[in-house]
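Asks: sequence and predicted structure, then a few things I'm wondering about:
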Amino acid sequence: MIFGRVKPLDAILATAESKSLHRSLGAFQLMLFGIGCIIGTGIFVLTAAGAQKAGPGLMLAFAIAGLICIVAALCYAEIAAMIPVAGSAYTYTYSVMGELLAWTVGWALVLEYAVAASAVSVGWSGYLNGLITEFTGVGLPAFLSGAPLALGGVEGGLVNLPAVFIALLVTGLLMIGTSESAKVNAVLVAIKVSALTAFIFLTLPEVEMEKFNPFLPAGVFGGLGTGLGAVGAAATIFFAYVGFDAVSTAAEETKNPQRNVPIGLIGSLLFCTVFYILVAAGAIGTIGGQPLMGPNGVPFPAGSEELARQCATFSANNLPLVCSDEALAHVLRQIGFSGVGNMLGIAAFVALPSVILVLLFAQTRIFFVMSRDGLLPEGLSKIHPKWKTPYVVTAITGVIVATAAAFLPVGKLADIANAGTLFAFMMVAIAVMMLRKTEPNRKRSFRTPALWFVGPATVAGCIFLFVNLPFEAMLVLPIWGAIGLVIYFLYGYRRSHLGRGVVVVHESEVQDIEPGIPGVDDEDRR
């Protein structure tokens, strides 16, 4: 039963071929596209949480996460080029390993995208509050700008209202069909990269080597389930890399994909890894990045009530890196570049909503495809008669995202999102290896090199990072999965189109709903 009800690959590919996208992207274009997709929330928001877990070892954490992303990206590229359709890892799994496992992957992706959107919303809120404080001298009251202390928020926190606002605003824009254009996306990418480049050039000359000692205050391995140490930080800041799957899905529009896709993937990931390490070095080497230690000599868990209480004892002018909600802007203000720090804060404030848009877009499309397959109520995939958007599922998603953003800190949200992501990437690697055995003669415009090594390395790397997440984050995935299985067996198993013998492939319909893919102009879609 576990490999039963396989979605016909021929039907999926026939639908994909009908799109006949023009192959126009070269290796350099792919690399720039990847850099734009990858650089965003993680580096702007999670630097503080990563430093609390690993101290200066955050630099090593970026390297570990980057290497695991490279092998995962190579697996993703083969199957994305071979099955270039909507639904991402859910559809890939459906076509190879059957409906039950596809459901688990789709359910995990729902968790990934929704929780990640919540994390970005919280990060945006931190930068907004920092800018308000800097320009007016008075920040938003704690009870309106922070999660409750008991959940790892702030002293006096009740609800993160700015995070709720931005999540619902972006949801509303998606519901009425508003999508950023490629030109706007290019401007936002330029703003993000310019801000981080300025950060590197301003901080590196101010670096003091003694700030890096001790380099690994929590060790390389902080212990399984603790989320500490360089590897524990890698499991958290893995969040900073996951945009690379957008490069994989562009394989069908790439000239000479066998050559250009790996250059674009590996090039963008290597560039971002070096970029991230330099940003971490600049932040830690200027104001320090040592974690706040508990009485047992172990760092307080990131996003914990204990850490929040410790951070509340510092004044705004003496706030450690690990306590800041807008880490990079805070660093620049601390070393005398307040004006540039404010500009970086504005850059994050302007650019991060586009990341929320992409994440919500991806989540609603996964829900849409699962609903059209009969695994979820078909009412969820209703298209608005005027807006031409899947407004029901978009509204539900937005409310859930806003609720999580209201009451949870960014570090916890990132860890939960990573749990779903790592599971999905592992299943993609397994699907690629299985397809090589079951469909050896299928056309592959890109073949993962040395799959005998890359495939198992991806599976092992994803498991490795997963078991180094905090124990609570690890628990979320099986609990979420168990809830999903109950829903599947009570509803999806009986209502599944494939289970009832109805072979319908809906991927083409997903291309026709509005808005289009964020960051891609309408003429480019054609």
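Replies: That came through, no problem.

Asks: drop to CA atoms for contacts and neighbour counts, all remaining ones
Replies: Will do.

Asks: what about the helices in the stretch 401-526 of the chain?
Replies: Applying DSSP state H, counting those that start in this stretch to the stretch 401-526 of the chain gives helices spanning 410-438, 451-466, 471-487, 493-495, 507-512, 522-525.

Asks: next helix or strand past the one helix or strand F28 maps to?
Replies: Using DSSP states H and E, F28 falls within helix 27-38. Later in the chain than helix 27-38, the nearest helix or strand by DSSP H and E is helix 41-45.

Asks: quick one: mean pLDDT over that following helix.
Replies: The pLDDT scores in helix 41-45 average 77.

Asks: check which helices and strands that helix sits against.
Replies: helix 99-136, helix 327-334, helix 338-372 (3 or more Cα pairs under 8 Å, 6 or more residues apart in numbering; DSSP states H and E).

Asks: got the contact list for the helix or strand following that helix?
Replies: Going down the chain from helix 41-45, the next helix or strand is helix 47-54, by DSSP H and E. Residues outside helix 47-54 that contact it (Cα atoms under 8 Å, 6 or more residues apart in numbering): 57-58, 61, 216-220, 227-230, 232-234, 236-237, 280, 289-292, 299-303, 321-325, 327-328, 411.

Asks: repeat for stretch 116-127
Replies: For stretch 116-127, contacts defined as Cα under 8 Å, 6+ apart pick out 41, 44-45, 145, 160, 162-164, 166-167, 325-326, 345-346, 348-349, 352-353, 355-356, 359-360, 401-402, 404-406, 409-411, 413-414, 417.

Asks: can you show me the CA trace of that stretch as CSV?
Replies: Presented in CSV, the C-alpha positions along stretch 116-127 are these (Å, rounded to 0.1, in the frame of the first residue of the first chain):
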residue,chain,number,x,y,z
ALA,A,116,8.6,30.1,7.0
ALA,A,117,6.2,32.9,6.0
SER,A,118,5.4,33.4,9.7
ALA,A,119,9.2,33.6,10.5
VAL,A,120,9.8,36.2,7.8
SER,A,121,6.8,38.2,9.1
VAL,A,122,8.3,38.2,12.6
GLY,A,123,11.7,39.3,11.2
TRP,A,124,10.1,42.1,9.3
SER,A,125,8.4,43.2,12.5
GLY,A,126,11.8,43.4,14.3
TYR,A,127,13.3,45.7,11.6
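
Asks: what is the mean pLDDT for that stretch?
Replies: 90.

Asks: how distant is that stretch from the center of its chain?
Replies: Distance of stretch 116-127 from the chain centroid (Cα atoms, centre = their mean, to the nearest Å) equals 12 Å.

Asks: can you pull the contacts of the nearest residue to A48 once chain neighbours are set aside?
Replies: Excluding its sequence neighbours, the residue lying closest to A48 (Cα to Cα, 6 or more residues apart in numbering) is V322, at 4.2 Å. By Cα under 8 Å, 6+ apart, V322 lies in contact with 47-49, 51-52, 289-292.

Asks: for P217, same thing?
Replies: P217 makes contacts with 54-55, 57, 229, 290-291, as judged by Cα under 8 Å, 6+ apart.

Asks: one more: W103?
Replies: W103 makes contacts with 90, 94, 375, 488, as judged by Cα under 8 Å, 6+ apart.

Asks: could you find the closest non-adjacent residue to R333?
Replies: Spatial nearest neighbour of R333, chain neighbours left out: G341 (5.5 Å); criterion: Cα to Cα, 6+ apart.

Asks: surely that neighbour meets L332?
Replies: Yes. G341 is within contact range of L332, at 4.9 Å (criterion: Cα atoms under 8 Å).

Asks: okay, the two: which has more neighbours?
Replies: It is G341, of G341 and L332, that has more neighbours when counted by other Cα atoms under 10 Å, with 26 against 23.

Asks: confidence score at that one?
Replies: So, for G341, pLDDT stands at 91.

Asks: one more: P353?
Replies: So P353 comes in at 86 (pLDDT).

Asks: in contact with it, which residues?
Replies: P353 makes contact with 120-121, 124, 166, 170 under the criterion Cα under 8 Å, 6+ apart.

Asks: now neighbour count too, for those, in a markdown table please.
Replies: Output for the contacts of P353, formatted as a markdown table (neighbours: other Cα atoms under 10 Å):
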| residue | neighbour count |
| --- | --- |
| V120 | 30 |
| S121 | 31 |
| W124 | 29 |
| I166 | 22 |
| V170 | 22 |
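
Asks: could I get the residues you listed as JSON lines with distance to K211?
Replies: Putting the contacts of P353 into JSON lines (distance: Cα to Cα, whole Å) gives the following:
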{"residue": "V120", "distance to K211": "29"}
{"residue": "S121", "distance to K211": "31"}
{"residue": "W124", "distance to K211": "28"}
{"residue": "I166", "distance to K211": "36"}
{"residue": "V170", "distance to K211": "40"}
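
Asks: and stretch 91-103, average pLDDT?
Replies: For stretch 91-103, the mean pLDDT works out to 86.

Asks: what is the neighbour count of S354?
Replies: Neighbour count of S354, defined by other Cα under 10 Å: 21.

Asks: oh sorry, the question was meant for L490
Replies: Residues within reach of L490, counting by other Cα under 10 Å, total 11.

Asks: where in the stretch 151-300 of the chain is pLDDT low?
Replies: 178-183, 185, 245-253, 258 (pLDDT under 70).

Asks: ok, now which ones touch L228?
Replies: Counting by Cα under 8 Å, 6+ apart, L228 makes contact with 53-54, 218, 221-222, 299, 301, 468, 470.

Asks: name the nearest of these relative to K211.
Replies: Closest approach to K211 among the contacts of L228 (Cα to Cα): A54, at 13.5 Å.

Asks: got a pLDDT number for that closest one?
Replies: Note on A54: pLDDT of 93.
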